[in-house]
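Participant: This is a predicted model, with the sequence first.
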There are 2 protein chains.
Amino acid sequence: MKREHSVDYESRASRDDHQSLRLWLRLLACAYRIERRVRRRLRTQFATTLPRFDFLAQLERHPKGLKMGEISERMMVTGGNVTGIADELESAGLIVRDPVPTDRRAYTVRLTSAGRRAFGEMARAHERWIVESMAGLTAREKTAMFESLAKLKRHAAIVESGGAA
Amino acid sequence: MKREHSVDYESRASRDDHQSLRLWLRLLACAYRIERRVRRRLRTQFATTLPRFDFLAQLERHPKGLKMGEISERMMVTGGNVTGIADELESAGLIVRDPVPTDRRAYTVRLTSAGRRAFGEMARAHERWIVESMAGLTAREKTAMFESLAKLKRHAAIVESGGAA
């Protein structure tokens, strides 16, 4: 009995492990697939990149401007060099730099009105692409997935900060 | 009546759009978060990278070996330079190259037994990290998310190949 019980337990554990791994690989595959499509469309329709779009998105949420460090922290997409992105966006007239009165070496960055307009247009297109990508799911399925992802995110935060890390 | 109906429809549409966008941003945030943890642990515990792990994972599934082009196609993670990765893995003794008799310029790559052992150890650790990351969800929630992601993936394939692309 003991042995059988332990075999059952192990086979169940291994089945659950396998389920987690398959879920992870599918989550990653979906995220990559949709992201790839967004990158491609940003390039073909707006001649821009995902890190630039993400940079502008952070500024759009903070009309008074952000310091460069704050932008890096908030950006979803990693890998982009924020100083390089800021230089490009500034020469395109989409952002301006303001000096910080209390710190001579620091500056904040904010959208110009041209930047706000350009970002608005991209954001509307971006939302359309995402809506298309998600159209295979019902509202109920979207809600359920949204809630499961919230749980996943909360749990991930605990794993990262706690003993299991 | 007509007008009210149309306003209702629009406000519902905009709410649904917003739901899709929020779902996408959360999906991406979760994927990035877990992936970042995997990358960090591969680096600290195995002094390796996610593209190298992914490269080995493809070979593990194809014991007879794969051509370089087949490996690039199958890899989940983009951005890694497969030739560079193959050079590193070959000098670490984890893979070998075999000539292709029918094509003098082509070669296939396969795992050595040291490579198989090293990958097995990494894959077991990787599975543990993923199981930890997913432990916030019940088996039922994992199954539901797995199924929704399958629908999302199928729909994305249709969007990409069809008129909506």
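Facilitator: Okay, I see it. Numbering: from 1, shown residues only, chains lettered A, B, ... in the order given.
Participant: rest of the way, CA atoms for contacts and neighbours
Facilitator: Noted.
Participant: For stretch A:36-53, which residues meet the burial criterion?
Facilitator: A:R37, A:V38, A:R39, A:R40, A:R41, A:L42, A:T49, A:L50, A:P51, A:R52, A:F53 (16 or more other Cα atoms under 10 Å in any protein chain shown).
Participant: With stretch A:149-158 instead?
Facilitator: For stretch A:149-158, the neighbour count (16+ other Cα under 10 Å) marks A:L149, A:A150, A:K151, A:L152, A:K153, A:H155, A:A156 as buried.
Participant: wait, what's in contact with the closest residue to A:Q19 other than its chain neighbours?
Facilitator: Counting by Cα to Cα, 6 or more residues apart in numbering or on different chains, A:Q19 lies nearest to B:K142, which is 7.5 Å off, once chain neighbours are set aside. Shown in contact with B:K142 (Cα atoms under 8 Å, 6 or more residues apart in numbering or on different chains): A:Q19, A:S20, A:L23.
Participant: if we can go back for a sec, near chain B, which of the buried residues of stretch A:36-53 show up?
Facilitator: Counting by Cα under 8 Å from any Cα of the partner chain, nothing from the buried residues of stretch A:36-53 sits close to chain B.
Participant: What separation do you get for A:L152 and chain B?
Facilitator: 6 Å (Cα to the nearest Cα, to the nearest Å).
Participant: Now do the helix or strand harbouring that residue and helix B:139-161, the angle between them.
Facilitator: Element membership for A:L152, per DSSP states H and E: helix A:139-161. Between the axes of helix A:139-161 and helix B:139-161, defined by axes from the mean of the first three to the mean of the last three Cα atoms, to 10 degrees, the angle is 110 degrees.
Participant: How far does helix A:139-161 sit from its chain's centre?
Facilitator: Remark: helix A:139-161 is offset 15 Å from the chain centroid, using Cα atoms, centre = their mean, to the nearest Å.
Participant: Tell me who's in contact with the residue most central in space within chain A.
Facilitator: In chain A, the residue lying closest to the centroid (Cα atoms, centre = their mean) is A:M76, at 3.6 Å. Neighbouring residues of A:M76 by Cα under 8 Å, 6+ apart: A:D54, B:A29.
Participant: for A:T49, same thing?
Facilitator: By Cα under 8 Å, 6+ apart, the contact set of A:T49 is A:R39, A:L42, A:R43.
Participant: number of nearby residues for A:E60?
Facilitator: A:E60 is flanked by 17 other residues according to other Cα atoms under 10 Å in any protein chain shown.
Participant: cool, the one 5 residues further on as well?
Facilitator: A count of neighbours around A:G65, defined by other Cα under 10 Å, yields 21.
Participant: Skipping adjacent residues, who's closest to it in space?
Facilitator: Nearest to A:G65 is A:R110, by Cα to Cα, 6+ apart, at 4.2 Å.
Participant: Can you check the pLDDT for the one you found?
Facilitator: pLDDT recorded at A:R110 is 97.
Participant: part of a helix, is it?
Facilitator: No - residue state for A:R110 (DSSP: H, G, I helix; E, B strand; the rest coil) corresponds to strand; a helix is not indicated.
Participant: pLDDT check: weakest of the buried residues of stretch A:149-158?
Facilitator: Ranked by pLDDT, the buried residues of stretch A:149-158 bottom out at A:A156 (81).
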